[in-house]
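Novice: Here is my input; please provide its structure:
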Amino acid sequence: MHAPLLSHLKIALRIIRYLNNSPGTGIQIYKDKNFKLSCFTNSDWTKCLRTRKSVSGYCVFFGRSLVSWKSKKQTTVSRSSAEAEYRCMASATYEVIWISNLLNDLSIKNLLPVNLYSGSSSAIQIAANPVFHERTKHFEVDVHLVREKIQDGVINTIKVASADQTADLFTKGHGTSQHLKLCNQLSLVDMFGK
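Specialist: Got it, this is the predicted structure:
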């Protein structure tokens with residue numbers, strides 16, 4: 001905003017064209033008997049070229065319906081892609097806990113464990129390994145949170161292939177076909193029925 005370039009204008013025009021071509025796009029909420037929460041997490045390591053901070057993205061589903069999503073630049077610089085992914089898993093875990101508590105207050109029970117899908121084998125291994133490593137000391141709080149919630153049966157981490165990583169839409173740019181596929185996985189539909 002303080003030092004706009006021509007490249008910023010081109011991106012803004014691309015976004016306006018996208019919004020102009022999809023004015024009726026919305027989220028489909030399904031009437032479903034499936035009362036299970038699931039969450040997809042993804043991070044793009046050092047996405048910001050100026051600060052080298054990573055971008056986290058996650059989306060939470062209740063049954064087939066998208067109920068929560070977020071894309072945000074992380075507050076600290078991560079030393080590895082595994083650390084960036086793990087920080088994203090921790091953020092998503094907080095969101096899953098909040099949503100499950102809210103649903104519990106609405107008398108919707110038996111939501112746990114919540115499947116937390118991540119494309120990072122390294123982050124999943126850090127979460128599963130109870131041995132504390134020197135390499136994870138700098139993000140120790142997040143490590144303890146995710147491990148504790150796995151041991152308590154709140155979340156269950158699952159590896160997902162990159163092509164099926166729904167949260168990729170919040171962290172990376174894609175070609176048209178992959179973008180449409182991910183929008184479909186998010187249950188985005190054209191409300192005007194084009």
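Novice: And the strands in this structure?
Specialist: Using DSSP state E, the strands of the chain run over 25-27, 37-44, 55-62, 65-73, 114-118, 155-159, 188-190.
Novice: Buried ones in the last one, by neighbour count?
Specialist: In terms of neighbour count (16 or more other C-beta atoms under 10 Å), strand 188-190 has its buried residues at Leu188. Yep, even glycine has a C-beta here, placed from its N, CA and C like the rest.
Novice: counting contacts, what elements does that strand pack onto?
Specialist: Where contact means 3 or more C-beta pairs under 8 Å, 6 or more residues apart in numbering; DSSP states H and E, strand 188-190 is packed against strand 25-27.
Novice: Repeat that for the first one.
Specialist: Strand 25-27 makes packing contacts with strand 188-190 when contacts are defined by 3+ C-beta pairs under 8 Å, 6+ apart.
Novice: Pull the residues that contact stretch 108-120.
Specialist: Contact with stretch 108-120 is made by 35-43, 81-82, 85-86, 88-89, 92-93, 96, 100, 103-104, 124, 153-162, 165-168, as judged by C-beta atoms under 8 Å, 6 or more residues apart in numbering.
Novice: residues touching the residue nearest to Cys183 when sequence neighbours are not counted, list them.
Specialist: Nearest residue to Cys183, sequence neighbours excluded (C-beta to C-beta, 6 or more residues apart in numbering): Leu169, at 7.0 Å. Leu169 sits next to 57, 59, 179, 182-183, 186 when contact means C-beta under 8 Å, 6+ apart.
Novice: The spatially most central residue of the chain pairs with what?
Specialist: The residue lying closest to the centre of the chain (C-alpha atoms, centre = their mean) is Tyr58, at 1.3 Å. As for beta bridges, Tyr58 partners with Thr41, Lys70 under DSSP bridges.
Novice: That one and Glu85 touch, don't they?
Specialist: No: contact status for Tyr58 versus Glu85: not in contact, 10.9 Å apart, counting by C-beta atoms under 8 Å.
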